[in-house]
Structure formats: structure tokens, C-alpha cells
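>>> okay, structure incoming, though there's no sequence with it:
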């Protein structure tokens with residue numbers, strides 16, 4: 001087994017698939033690449049939306065109380 005330097009996960013030799021493109025170059029894919037889901041990026045985006053909504057509604061509330 002080899003150690004993946006980026007993710008720190010172990011990749012088994014049978015998980016490694018080599019295929020060729022139309023020019024004859026070898027394309028390497030691992031199963032971990034196909035199963036990757038950007039959970040951190042999605043969580044950051046949700047938190048950013050919630051923060052923007054909180055700022056928006058706080059300003060809206062301040063405007064309503066001034067009338």
C-alpha cells in the first residue's frame with residue numbers, strides 16, 4: 001500500500017485504475033478521487049449564507065425600529 005501525501009489516506013494497489021486517453025497518455029484515477037465530496041466548502045458556504053442573512057435582517061430590524 002502507498003501513502004497518499006495530500007489526503008493522508010492509504011490507497012490499495014487494487015484501487016488504482018490506469019486508463020488511456022485518445023492520445024495514448026495514461027490517466028490515473030483512484031476510487032478516493034471519485035468519492036470526494038467537498039464537505040468543508042459546502043459547510044463554509046452555508047455558514048456564509050447564514051451570516052449574510054443575519055446581517056441583512058439585523059439591518060432590516062434597525063430600519064423598522066426607526067420609524
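Looks like it came in fine. Given the structure is predicted, the values throughout are model-derived calculations rather than measurements.
>>> which helix runs longest in this protein?
In the chain, assigned by DSSP state H, the helix with the most residues is helix 39-65.
>>> tell me the average confidence for that helix?
The pLDDT scores in helix 39-65 average 97.
>>> in that helix, what counts as buried?
By 16 or more other Cβ atoms under 10 Å, helix 39-65 has no buried positions at all. C-beta coordinates here come from the backbone N, C-alpha and C atoms, glycine included.
>>> host element of residue 19?
Under the criterion of DSSP states H and E, residue 19 resides in strand 16-20.
>>> now do that strand, average pLDDT.
Mean pLDDT, strand 16-20: 64.
>>> quick one, domains of the chain?
What automatic domain parsing lists as the domains of the chain is 1-36, 37-67.
>>> how close does residue 23 get to residue 59?
Distance, residue 23 to residue 59, using Cβ to Cβ, to the nearest Å: 56 Å.
>>> what's residue 24 sitting at in phi/psi?
When read as degrees, to the nearest 10, the backbone of residue 24 gives phi 90, psi 0.
>>> correction: residue 36
According to degrees, to the nearest 10, residue 36 has phi -70, psi 130.
>>> quick one: residues contacting it.
Residue 36 makes contact with no residue, according to Cβ atoms under 8 Å, 6 or more residues apart in numbering.
>>> how close does it get to residue 22?
For residue 36 relative to residue 22 (Cβ to Cβ), the value is 25 Å.
>>> okay, residue 35 and residue 41: tell me how far apart.
Residue 35 is 16 Å from residue 41, by Cβ to Cβ.
>>> actually residue 25, not the one I wrote
For residue 25 relative to residue 41 (Cβ to Cβ), the value is 29 Å.
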